[in-house]
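Asks: Following is a predicted model, sequence given first.
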Amino acid sequence: MIDKRITSVEEAVADVFDGATVMIGGFGEAGSPIELIHALIDQGATNLTVVNNNTGSGEVGLAALIMAGRVSKMICSYPRTANSTVFPELYRSGRISLDLVPQGTLAERIRAGGAGIPAFFTATSVGTPLEDGKERRTFGEGDFVLEHGLTSDFALIKCKKADYHGNLVFNKTARNFAPVMATAAGITIVQTAEVVTPGELDPECIVTPGIFVDRIVTIDSPALESELVARGVSYP
Amino acid sequence: MIDKRITSVEEAVADVFDGATVMIGGFGEAGSPIELIHALIDQGATNLTVVNNNTGSGEVGLAALIMAGRVSKMICSYPRTANSTVFPELYRSGRISLDLVPQGTLAERIRAGGAGIPAFFTATSVGTPLEDGKERRTFGEGDFVLEHGLTSDFALIKCKKADYHGNLVFNKTARNFAPVMATAAGITIVQTAEVVTPGELDPECIVTPGIFVDRIVTIDSPALESELVARGVSYP
Amino acid sequence: MTDARRIGLSRDEMAQRAALDIPDGSYVNLGIGIPEKVAAHVPEGREVIYHTENGLLGMGPSPAEGMGDPELINAGKQRVSAVQGASFFHHADSFVMIRGGHIDLCVLGALQVAQNGDLANWSTGAPDAIPAVGGAMDLVAGVKTIYVITQHTTKSGEPKLVESCTYPLTSPGVVDRIYTDLAVIDVTDDGFQVVELSPQVEFEYVRERTAGELLPTPDVAPEVT
Amino acid sequence: MTDARRIGLSRDEMAQRAALDIPDGSYVNLGIGIPEKVAAHVPEGREVIYHTENGLLGMGPSPAEGMGDPELINAGKQRVSAVQGASFFHHADSFVMIRGGHIDLCVLGALQVAQNGDLANWSTGAPDAIPAVGGAMDLVAGVKTIYVITQHTTKSGEPKLVESCTYPLTSPGVVDRIYTDLAVIDVTDDGFQVVELSPQVEFEYVRERTAGELLPTPDVAPEVT
């Protein structure tokens, strides 16, 4: 019997350990697994390396995790967004480090990590300061740099609907990094608005096959980051 | 107005030139664009390099293209299948060359070609004769070989349903190589059983977005390779 | 040089001018800021499909304030819509479109453009700045044609079209055409080539505000042809 | 050695024995030939999800002769079915599952297995053979655990468990366990380790038909423990 449902977010993130690398889905608030992130704050793991395109906004979700001092390093493409104040302060005071990766390279490094590809060449960042320390090589008429696959201990992602085998479908642009992160993490933890029986999702339309998913928690009415920020909520 | 429909298979393949590289979708007969291949035989282009997982069966479709002497080189993983006699004969007599690529490496090389990645490392083929001539490098605890992205001048693929912007969905395991080939070809030519108006395909379920498709021809009742072979058909 | 703000095109007019050059049937990615305005000005009768790197091909206009879906957003994290024929995909697939050269055209803002096409638009290199690059480097390295829309000079009057960029590069040698308030300018092997001056703008006026080599249009100075 | 065909397990019994070791809840890829038969013998109460590299997770049994969909096939190009909870995907995504180490277990046939775990199962290296590799190299390089099902010797009585492979390798050092008609054998640092002998088969009988180092089970020879 394959049933990946977990009763609570607490249980779902219970084994995240100090020093773990955690990929967190979402592009801004779209796809951000805010209930899982809050459970991770409550759980207490620290010295985390977090992979996300941004650094959260306000004082909820990813920004709250950073504000709580749990993140020692961010791997992201754009740590500067509207209502993003937590990361800049910690960064300027040297309390968090940043590995800045171009967005497409970040997505492809995660995809490579999940695909068993240790490294690949891309033209992105050639001739820029972000090329520093990378191997450059010419193929055909162009120059390319070597980038490495990225894996993690855990991934926290959000989807629209799951079956209990772990097959997932997403909502619009909330899909973003979640499918590749699910492939690149040792343990992939999903919060979904709805769980159905295997067979109810169209097999031609499943975006993330269950093989990439380890745990599913139902959050039928997930909070919206922008609404919490607008209300001035600070987690916890 | 974006409308990628072409009236006939003849028009669709009219500009395939001598010496072109042509990716052809299909894994065995599943997904094989047999009407487009037959049109290519009629069209007459020769000295082609063809990329397909196999080499066709009987004397129709891809096997017929090879039998007609139009293919100077096959890039494939498995040129030896049931009812596959055409390729072995030509290969043994030195009239066609073979670039043997492991199936997963073939799929990933095509994906890389379409993704603007000139080369990547994989563990597949390390320590085997297929490693010959490849660069080997150690990452972490493993050894990997460098493989190159693969692109083509044309791709011929088959799908279940398209809209006239070129968005595609497929039928079951007939999907196989088609979506990656569509990304890797200069000109992607699709035969579809049905064309609908943009908006009729669920945007969450589109497998190949229209940006990767150039021409669409409707073949509402495509021939089945195995049936033609069973009937002893030899094309043309 | 404060008069540079009083003559030449407004931000909307710059977007409108750039929109004239968007070919029918093209796949286009529009950067944040003035480039976003281009879509509204593409001439009637042309069908253009917009890509946003966060996973949507077939992006449509923003919904009315407070409407829309917070999970249907563009790369600037603003709510948008999806047109008929749109498709959603994940981030790695989205950048296959960009890195693989499938997007025909990208319109971006700039901090500096050099006469050899070098683009700087992600960082001023200030030591206290939080570095942030997003998808800019991927876009300019991957998309076939790169248009820049920018004011001709900074607010303090410094040229943004320069002999060589002093800011960190986004990518070397990638810009094809620049739309400023003062002119439309192509990047050529010989330097900045004026294609068109904005109404009431003289070539000399533009040259004074350009740090690199600026070539007049053949019409303005036929001897250069 | 022709009696090797009269004692020991049949092909179905070998598949049945291997099936006992397929863990509940695992994701499994079965190779062509005897490995295909394993699925039918997995004990009741275990849920196993089968992957076929041509783009299906959740492969089910073959339909009756002449039924099914010619576009719903397995890697051996035979018609199959899809179970509840199955998903379809393209070839590159399918090999993400393989190369990325997501498939738990692969059961394959073999031409030769060496005592260090080297596997040869794609080519005899004969000069007139048409080389064909399919997905074998990707599977053994990527999947976590590799089981081999094979007759203990060739039809002419030559050992298939060897000191080192003479045929071209599929991958070095990948085989974990071997199911033959005569025994279940683990590949260990010390060589081939018998886990279990088939009914009526003596250790010496197996050793005579094995070219590499063969270690008896602790039960058979307690002094080795």
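Replies: In hand now; what should we look at?

Asks: start to end distance for stretch A:35-54?
Replies: Terminal residues of stretch A:35-54 are spaced 17 Å apart (CA to CA, to the nearest Å).

Asks: any idea how far it is from the chain center?
Replies: 10 Å (CA atoms, centre = their mean, to the nearest Å).

Asks: what about the strands in the chain?
Replies: Going with chain A. For chain A, the strands defined by DSSP state E occupy A:21-24, A:48-51, A:71-76, A:97-100, A:119-122, A:136-139, A:142-148, A:152-159, A:161-163, A:168-169, A:185-192, A:195-196, A:215-218.

Asks: should've been chain C
Replies: For chain C, the strands defined by DSSP E occupy C:27-30, C:49-52, C:56-60, C:81-88, C:105-108, C:112-114, C:119-120, C:145-149, C:161-162, C:177-179, C:183-188, C:191-197, C:214-215.

Asks: and D:Val143, which of the ones you listed is closest to it?
Replies: strand C:81-88 (31.0 Å; CB to CB). Bear in mind the C-beta positions are built from the backbone N, C-alpha and C, glycine included.

Asks: List the buried residues of the closest one.
Replies: C:81-83, C:85-88 (16 or more other CB atoms under 10 Å in any protein chain shown).

Asks: Next, count neighbours for the residue of chain A found nearest chain D.
Replies: Closest approach between chain A and chain D, counting by CB to the nearest CB: A:Pro198, at 2.7 Å. Residues lying near A:Pro198 (other CB atoms under 10 Å in any protein chain shown) number 22.

Asks: mind listing what it touches?
Replies: By CB atoms under 8 Å, 6 or more residues apart in numbering or on different chains, A:Pro198 lies in contact with A:163-165, A:167, D:83-85.

Asks: In space, what's closest to it - neighbours in sequence excluded?
Replies: D:Gly85 (2.7 Å; CB to CB, 6 or more residues apart in numbering or on different chains).

Asks: Do I have it right that the one you found meets A:Val196?
Replies: No. D:Gly85 lies out of contact with A:Val196 (CB atoms under 8 Å); the separation is 10.0 Å.

Asks: what is in contact with those two at once?
Replies: Residues touching both D:Gly85 and A:Val196 (CB under 8 Å, 6+ apart): A:Asp163.

Asks: what's the spacing between A:Gly186 and A:Phe154?
Replies: 7 Å (CB to CB, to the nearest Å).

Asks: buried set for the worst-scoring helix or strand of chain A on mean pLDDT?
Replies: When the helices and strands of chain A are scored by mean pLDDT, DSSP states H and E, helix A:86-92 comes last with a mean of 93. Of all the residues in helix A:86-92, those buried under the rule 16+ other CB under 10 Å are A:86-88, A:90-91.

Asks: could I get the residues you listed as a markdown table with distance to B:Arg215?
Replies: Formatted as a markdown table, these follow (distance: CB to CB, whole Å):
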| residue | distance to B:Arg215 |
| --- | --- |
| A:Val86 | 51 |
| A:Phe87 | 48 |
| A:Pro88 | 50 |
| A:Leu90 | 53 |
| A:Tyr91 | 50 |
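
Asks: out of those, who's nearest A:Gly26?
Replies: Taking the buried residues of helix A:86-92 together and measuring to A:Gly26 by CB to CB, the closest member is A:Phe87, at 14.6 Å.

Asks: In chain A, where's the longest helix?
Replies: Criterion DSSP state H: the longest helix present in chain A is helix A:103-114.

Asks: Just flag the most distant two among the buried residues of strand C:81-88.
Replies: For the buried residues of strand C:81-88, the maximum inter-member distance is 13.9 Å, found between C:Ser81 and C:Ser87 (CB to CB).

Asks: So C:Ala132 is in contact with A:Pro79, correct?
Replies: Yes. In this structure, C:Ala132 is within contact of A:Pro79 by CB under 8 Å, at 5.7 Å.

Asks: Show me whatever sits in contact with both of the two.
Replies: Residues touching both C:Ala132 and A:Pro79 by CB under 8 Å, 6+ apart: A:Leu100.

Asks: show me what contacts C:Met184?
Replies: You called it Met, but residue C:184 is Val. Applying CB under 8 Å, 6+ apart, we find C:Val184 in contact with C:17, C:177-178, C:194-196.

Asks: Chain D contacts on chain A?
Replies: Contact residues, chain A versus chain D (CB under 8 Å from any CB of the partner chain): A:1-2, A:111, A:113-117, A:163, A:165, A:167, A:183, A:197-199, A:201, A:203-204, A:206, A:209-212.

Asks: Among these, name the ones in helices.
Replies: Secondary structure assignment by DSSP H places A:111, A:113-114, A:183 of the residues of chain A next to chain D in helices.

Asks: So which of the residues you listed is the closest to C:Asp21?
Replies: Within those, the smallest distance to C:Asp21 is 33.9 Å, found for A:Arg111 (CB to CB).

Asks: Correct me if wrong: the closest one contacts A:Met181.
Replies: No. In this structure, A:Arg111 is not within contact of A:Met181 by CB under 8 Å, at 9.4 Å.
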